[in-house]
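J.: give me the fold of what follows.
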Amino acid sequence: MFAIVESGGKQYRVREGQRLKVARMDQEPGEEVVLDSVLAVGQDDDVQFGKPYLDQARVVCDILEHDRDKKVIVFKKKRRKGYSKKQGHRQDFTAVKVKSIQA
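T.: Prediction:
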């Protein structure tokens, strides 16, 4: 069984037992979080979308850790002008493990 959920403005396709990185959440590691914004639920070829089917759908996850992603280098340059700028960025994330999908 899989579900498509929305968290932090992004959409993820998840299965039970899967570990994924989502945008930073306020809960502490070890806590349980429920993702209510389920967009689709399916199993093999049977997929359900929309309001009447997904009003009660939830995805229950455990929070594993908070961390920061690898550094992304942003480099800007204008040729023949002597302009170059190098900047780095590390995105905060929360690692979660999907416990169950309740449809």
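J.: now do the buried residues in the lowest-mean-pLDDT helix or strand in the chain.
T.: When the helices and strands of the chain are compared on mean pLDDT, DSSP states H and E, helix 51-54 comes out lowest with a mean of 76. Across helix 51-54, burial judged by 16 or more other Cβ atoms under 10 Å covers residue 54. Placement of C-beta: from N, CA and C, glycine included.
J.: following element in sequence after that helix, please.
T.: Sequence order places strand 58-68 as the next helix or strand after helix 51-54, per DSSP states H and E.
J.: enumerate the positions of that next one that are buried.
T.: Counting neighbours by 16+ other Cβ under 10 Å, one finds that the buried residues in strand 58-68 are 58-59, 61, 63.
J.: tell me the strands beside that strand, with direction?
T.: strand 32-35 (antiparallel), strand 92-102 (antiparallel) (DSSP bridges).
J.: okay, those strands in CSV with mean pLDDT, mean neighbour count and distance to residue 16 next?
T.: Conversion of those to CSV gives the following (pLDDT from 0 to 100; neighbours: other Cβ atoms under 10 Å; distance: least, Cβ to Cβ, whole Å):
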stretch, mean pLDDT, mean neighbour count, distance to residue 16
strand 32-35, 95, 14, 13
strand 92-102, 96, 17, 6
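J.: for the ones you listed, could you give me JSON lines that also reports distance to residue 42?
T.: What follows is those, written out as JSON lines (distance: least, Cβ to Cβ, whole Å):
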{"stretch": "strand 32-35", "distance to residue 42": "16"}
{"stretch": "strand 92-102", "distance to residue 42": "10"}
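J.: which residues touch the closest residue to residue 90 other than its chain neighbours?
T.: Once its chain neighbours are removed from consideration, residue 90 has its nearest residue in residue 68; the separation is 4.5 Å (Cβ to Cβ, 6 or more residues apart in numbering). The neighbours of residue 68, taking Cβ atoms under 8 Å, 6 or more residues apart in numbering as the test, are 90-93.
J.: and of those, the nearest to residue 34?
T.: When those are ranked by distance to residue 34 (Cβ to Cβ), residue 93 comes first, at 18.9 Å.
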